[in-house]
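*Asks:* Fold the following and give me the result.
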Amino acid sequence: MTTTHTGYLLIADVTGYTQFLTSSEMDHANPILQSLLGALLEQVGDPLHFWKTEGDAVLAYSTRQDFPSGETFLTICENLYNAFALRRQDIIANTSCPCRACANVGNLDLKIVAHYGQFDEMQLGPTKDISGADVILVHRMTKTDVTQRTGIRSYALFSEAAAKAMDISDVMEPFSQDFEHFGEVQMKVYDLAKSWEKLRASRQRYFLGEEDGVWTFRYHFDAPIGVVWEALVAPEHKQNWMDRIKTVTVENPKGRLGPGSDYHCAHELADFFYRVTDWEPFEYFSTRIQDPARPGISLPETYHLTETEGGTSLRYTMGKATDADGVRSEISEQEASAFLADFWAASFPEMDMQLSQSN
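*Replies:* Have a look, this model is predicted:
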């Protein structure tokens, strides 16, 4: 059986491995690669489908045109890099072995290439495979001179088609290269290591545990954690499931969703404005929401996601309402929790139903 899809094609490739392997002891080099690939495989899940491994690379693809959005897809790429970098760091920190393999782990790096196009998905016995011209192109994109021409070692390379589908090409650098049978292909380069370092350097934590808040609401979704995250943060999805919300808009001063993004939710009863204060995809995000009835009063919130065997558990916690001087407003807390108890009780089941229908 063959099904034609339009979606993302992704290859996460450990770079520097050929040189590492040929100059290292095999009995240590292979377990190191397996550990690094294992860290990447842990990040591959719905809305991406694992395709296969090829030597020192992990391949995946998406088949749902509504998921993932560009923001979520870029976050998936960043999470792949983070998982790789942390595992590499752990290997270096936890070995005292003097062999060349263990000594040269730091020379390994990661590149991610992605294309958006059409491909055929085929069921071959117990496994699935994909094919098509766009599958060939994404493989060709792994053989470029990005590092030589840009100096960027840890990068994500997106075809122009992928960049347009993601709609966030402003945060990327233009690049092009000629490929046999495809001609000059326009692409975009994203510096994964630089992005990660920049985010962490300027970051402040605003995470509310349940014990830190004044009111908590819990809900379990049947959908995977990446899909739930996107539905919670993407404005085009939020306005579809939030109860009595007419429109949701967002401003991203830094060019993409994250700390500093400002949401405006137009509810039938009032306009709600809140700003993202902390952002840890796909684990949690925190915001600070203004009290629409009391100018100057705002409340912190944290949405904490936990992956479960049957889906995703969400813990929403609201903190103390205060003014700019830190003076508490308990009446704001009481009114907000009363409103949200009804709002979330209506909204989250609707979101869960919509996600189940989009599978």
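*Asks:* how does the protein divide into domains?
*Replies:* Taking automatic domain parsing as the criterion, the chain consists of the domains 2-200, 210-357.
*Asks:* how about a markdown table for those, with mean neighbour count and mean pLDDT added?
*Replies:* Placement of C-beta: from N, CA and C, glycine included. Compiled in a markdown table, the domains of the chain are given as follows (neighbours: other Cβ atoms under 10 Å; pLDDT from 0 to 100):
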| stretch | mean neighbour count | mean pLDDT |
| --- | --- | --- |
| domain 2-200 | 17 | 87 |
| domain 210-357 | 17 | 95 |
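*Asks:* so what's residue 232 up against?
*Replies:* Listed by Cβ atoms under 8 Å, 6 or more residues apart in numbering, the contact partners of residue 232 are 238, 285, 303, 314, 351.
*Asks:* quick one: the fourth one and residue 229 touch, right?
*Replies:* No: taking contacts as Cβ atoms under 8 Å, residue 314 lies outside contact range of residue 229: 9.8 Å.
*Asks:* Report the two of the contacts of residue 232 separated the most.
*Replies:* Maximum pairwise distance in these, criterion Cβ to Cβ, is 15.6 Å, between 285 and 351.
*Asks:* which stretches of the stretch 51-200 of the chain form helices?
*Replies:* Listed in chain order, the helices found in the stretch 51-200 of the chain under DSSP state H, counting those that start in this stretch are 70-93, 100-103, 133-140, 146-150, 160-166, 192-201.
*Asks:* Kindly present those helices as a markdown table, with separate columns for distance to residue 179.
*Replies:* Written out in a markdown table, the entries for the helices of the stretch 51-200 of the chain read as follows (distance: least, Cβ to Cβ, whole Å):
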| stretch | distance to residue 179 |
| --- | --- |
| helix 70-93 | 21 |
| helix 100-103 | 33 |
| helix 133-140 | 5 |
| helix 146-150 | 13 |
| helix 160-166 | 13 |
| helix 192-201 | 23 |
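*Asks:* nearest to residue 242, of those helices?
*Replies:* The closest of the helices of the stretch 51-200 of the chain to residue 242 is helix 70-93. By Cβ to Cβ, the value is 18.0 Å.
*Asks:* quick one, what contacts residue 86?
*Replies:* The neighbourhood of residue 86, defined by Cβ under 8 Å, 6+ apart, consists of residue 39.
*Asks:* Pull up the gap between it and residue 39, please.
*Replies:* Separation of residue 86 from residue 39 (Cβ to Cβ, to the nearest Å) stands at 7 Å.
*Asks:* try residue 274
*Replies:* Using Cβ to Cβ, one obtains 34 Å as the distance from residue 274 to residue 39.
*Asks:* The residue nearest the centre of the chain - nearest residue in space that isn't next to it in sequence?
*Replies:* The centre of the chain sits closest to residue 75, judged by Cα atoms, centre = their mean, with a distance of 2.6 Å. Counting by Cβ to Cβ, 6 or more residues apart in numbering, residue 281 is the residue found nearest to residue 75 once chain neighbours are left out, at 4.4 Å.
*Asks:* go on, residue 135?
*Replies:* For residue 135, the nearest residue in space outside its immediate sequence neighbours is residue 119; the separation is 5.2 Å by Cβ to Cβ, 6+ apart.
*Asks:* what's near enough to touch the one you found?
*Replies:* By Cβ under 8 Å, 6+ apart, the contact set of residue 119 is 4-5, 7, 9, 61, 130-132, 134-135.
*Asks:* who does it bridge with?
*Replies:* The partner list for residue 119 in beta bridges (DSSP bridges) reads residue 5.
*Asks:* Quick one: residues contacting the residue nearest to residue 69 when sequence neighbours are not counted.
*Replies:* Counting by Cβ to Cβ, 6+ apart, residue 234 is the residue found nearest to residue 69 once chain neighbours are left out, at 5.2 Å. Contact partners of residue 234, counting by Cβ under 8 Å, 6+ apart, are 69, 71-72, 257.
*Asks:* Fine by me, thanks again.
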